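# output the structure for:
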Amino acid sequence: MFLHNDVLEYRDPPGHLVRILWIDVTFSVAYIFALRHPSAIPRSIPLHVLVADVSTRRARLLLTDPCRAPRVDATSGKHHLLQMKAWDAVTALHHHLPQLYLPRPRAALLSACSRTHGISVASLMRYLRRYWERGQTIDALLPDYANSGAPGKTRAASAGVKRGRPRNGATGSANAGTNTDAALRALFLAAAAHFAANHPRFSRPGAYRQMLRDHFTNCPPSAIPSYGQFNYWLERDDVDNTH
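Predicted structure coming up:
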């Protein structure tokens, strides 16, 4: 059975790639996204059609994702802020599935998100395509130019800059996204401690990204805590915020 984020490669046309963005709970319908097509949009397809494509060898399921964004543990302050701004908007939009994949509901969602987050509809659509193209992870939303410069060097973030924001409809950072119960708060602390133990310099953004990779890789965006939420509780628990 296919999984969220699987990539299929078709023989005709040669090299045609599609990502499975989402599968409904009845395993009857999937939404797919054509990769390496700048104007691609999600489309629905019966899941049994994808199964037939693979069983008849019209397509093959790839074991590695050729378009997945590389892991990044350190970014500059400017690039981090752009990434988190995009992440908060994208995760807010993904609370509305499968409506986000449908043209008319998507237009309404983008318009509302644009007003809430202060981001143009064109930029939101660009974020979504980048997210769908590159594996639906937070690393997918790192600006392309953020990887330029000296590789492997940790850059300092801008001091005093707000780290994240509440999600659409939230009344405060503590209430953004999923509810923060005792178990999730403990996970935040454990993730911070794990990152601090394995890196010479502590970074909340780095700890957050590592936590997502370790614990939320296969979760729908609506179940993933926001960076604002993570940052809020580390602030409450007085976890070091040096970069």
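
# and the helices in the chain?
Ranges of helices in the chain, per DSSP state H, are 47-55, 77-93, 103-117, 121-133, 182-198, 204-215, 227-236.

# can you put those in a markdown table and add mean neighbour count?
Where you see a C-beta, it was placed from the backbone N, CA and C, and this is true even at glycine. Formatted as a markdown table, those follow (neighbours: other CB atoms under 10 Å):
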| stretch | mean neighbour count |
| --- | --- |
| helix 47-55 | 15 |
| helix 77-93 | 22 |
| helix 103-117 | 15 |
| helix 121-133 | 18 |
| helix 182-198 | 15 |
| helix 204-215 | 21 |
| helix 227-236 | 22 |
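
# and these: which comes nearest D65?
Closest of those to D65 is helix 121-133, at 10.6 Å (criterion: CB to CB).

# who touches that closest one?
Identification of contacts with helix 121-133 by CB atoms under 8 Å, 6 or more residues apart in numbering yields 19, 21, 33, 35-36, 38, 40, 42, 67, 86, 89-90, 93, 100, 110-111, 113-114, 117, 119, 140-141.

# could you redo the last one with a cut-off of 6 Å?
Outside of helix 121-133, the residues within contact range by CB atoms under 6 Å, 6 or more residues apart in numbering are 21, 33, 35, 67, 86, 89-90, 110, 113-114, 140.

# returning to what we had before: now the helices of the chain as TSV including mean pLDDT and distance to V29?
Shown next, in TSV, are those (pLDDT from 0 to 100; distance: least, CB to CB, whole Å):
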stretch	mean pLDDT	distance to V29
helix 47-55	96	6
helix 77-93	89	20
helix 103-117	96	15
helix 121-133	96	17
helix 182-198	86	31
helix 204-215	87	27
helix 227-236	83	31
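
# mind putting the ones you listed in a markdown table, distance to N5 included?
Shown next, in a markdown table, are these (distance: least, CB to CB, whole Å):
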| stretch | distance to N5 |
| --- | --- |
| helix 47-55 | 14 |
| helix 77-93 | 15 |
| helix 103-117 | 20 |
| helix 121-133 | 10 |
| helix 182-198 | 22 |
| helix 204-215 | 13 |
| helix 227-236 | 21 |
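
# quote the end-to-end distance of stretch 193-209.
With CA to CA, to the nearest Å as the measure, stretch 193-209 spans 14 Å from end to end.

# distance of the residue of the chain most remote from its centre from P13?
Farthest-out residue of the chain from its mean C-alpha position, per CA atoms, centre = their mean: T56, at 32.5 Å. To P13, T56 is 16 Å away according to CB to CB, to the nearest Å.

# go on, R115?
40 Å.

# just S203 next, same as before
43 Å.

# neighbour count winner among these two?
The residue with more neighbours, out of S203 and P13, is S203; 23 against 6, by other CB atoms under 10 Å.

# for Q136, give me its contacts.
Taking CB under 6 Å, 6+ apart as the test, what Q136 contacts is N5.

# from T91, how far out is it?
According to CB to CB, Q136 and T91 sit 10 Å apart.

# and what of D238?
The gap separating D238 from T91 is 26 Å, by CB to CB.

# contacts for the lengthiest strand in the chain, please.
Ordering each strand of the chain by length in residues (DSSP state E) puts strand 16-23 first. Here strand 16-23 makes contact (CB under 6 Å, 6+ apart) with 2, 6-10, 30-35, 42, 97, 132.

# ok, those vs L234, which is closest?
When the contacts of strand 16-23 are compared against L234 (criterion: CB to CB), the nearest one is L97, at 28.7 Å.

# ok, the closest one - contacts?
Residues near L97 by CB under 6 Å, 6+ apart: W22.

# just to revisit the earlier point, narrow the contacts of strand 16-23 to those in strands?
Taking DSSP E, the ones among those that sit in strands are 7-10, 30-34.

# this completes my enquiry, with thanks.
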